[in-house]
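Chemist: Pasted the sequence and its predicted model underneath.
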Amino acid sequence: MMNELQKAERRVSVLEEKKNAYLYGTPAMDDMVTSFKESTTRSLVKSIMWRMVAGTVTFITSLRFSGSVKVALSIVGSDFFSKALTMFLGERLMNNSSLGRGSSGDNKKRSLIKALIWRLFAIANTLTVAVFVAKDLSIASKIASSDAVIKTTMMYFYERIWSKVEWGKEYEAEFFI
């Protein structure tokens, strides 16, 4: 019984410290924020911005390997809509996982995992679209494989940059007064 009373007193003491930190604005307030979620708008902006960056790479690789502006634009156009939607959905799903997420942002491991998971889907998508549009498996394979190498690296750094951006992060406090 005495042990439980001591534990309860310690908990009250910790809560008192946190309350005072909140009320008086001491640096200890930073410790109260334990996690965050990304807003839906942030996920939408991230997915559309990535599609612009990635679409440029796909256009260049498609043009290089197919030699046709029409084929390159067709692949990019098909990719843009299907991948923007799936990336948005992926962002919302990843938002439910706290793996690799700290109080201030995503760590490098989380960025790498997100990049690899996304690229697996994106490679299959690009290959499929490129086969249908270019009607040549050899060209489609070259487009998809070069996209995979270039964009996996780009996606990792894209995620690292976004982990530093505060806009659209909704922080969750450990307690409320």
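Modeler: Thanks, I have it.
Chemist: Backbone torsions only: list them for the closest residue to residue 41 other than its chain neighbours.
Modeler: Nearest residue to residue 41, sequence neighbours excluded (CB to CB, 6 or more residues apart in numbering): residue 168, at 5.9 Å. C-beta: built from backbone N, CA, C; applies to glycine. Backbone dihedrals for residue 168, given as degrees, to the nearest 10, come out at phi 90, psi 0.
Chemist: what's the neighbour count on residue 168?
Modeler: 17 (other CB atoms under 10 Å).
Chemist: How much space separates residue 7 from residue 48?
Modeler: Taking CB to CB, to the nearest Å as the measure, residue 7 falls 50 Å from residue 48.
Chemist: can you give me the helices in this structure?
Modeler: Secondary structure of the chain, counting by DSSP state H: helices at 2-24, 40-66, 69-94, 108-134, 137-164.
Chemist: about what we covered before: which one's more surrounded, residue 7 and residue 48?
Modeler: When residue 7 and residue 48 are compared for neighbours, residue 48 comes out ahead with 13 against 10, by other CB under 10 Å.
Chemist: wait, doesn't the more buried one sit right on residue 84?
Modeler: Yes - assessed by CB atoms under 8 Å, residue 48 is found in contact with residue 84 at 6.0 Å.
Chemist: Export the helices of the chain to a markdown table and append columns for distance to residue 101 and mean pLDDT.
Modeler: Shown next, in a markdown table, are the helices of the chain (distance: least, CB to CB, whole Å; pLDDT from 0 to 100):
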| stretch | distance to residue 101 | mean pLDDT |
| --- | --- | --- |
| helix 2-24 | 21 | 74 |
| helix 40-66 | 14 | 93 |
| helix 69-94 | 9 | 89 |
| helix 108-134 | 6 | 89 |
| helix 137-164 | 9 | 92 |
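Chemist: Make TSV out of those and add distance to residue 172.
Modeler: Output for the helices of the chain, formatted as TSV (distance: least, CB to CB, whole Å):
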stretch	distance to residue 172
helix 2-24	14
helix 40-66	15
helix 69-94	16
helix 108-134	17
helix 137-164	17
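Chemist: residue contacts, the residue nearest to residue 41?
Modeler: 38-39, 41-43, 45 (CB atoms under 8 Å, 6 or more residues apart in numbering).
Chemist: what does stretch 37-51 contact?
Modeler: Here stretch 37-51 has contacts from 79-80, 83-85, 87-88, 91-92, 95, 155, 158, 162, 167-170, 172, using CB under 8 Å, 6+ apart.
Chemist: go on, stretch 114-128?
Modeler: Counting by CB under 8 Å, 6+ apart, 54, 58, 75, 79, 82-83, 86-87, 90, 94, 106, 140-141, 143-145, 147-148, 151-152, 155-156, 158-159 sit against stretch 114-128.
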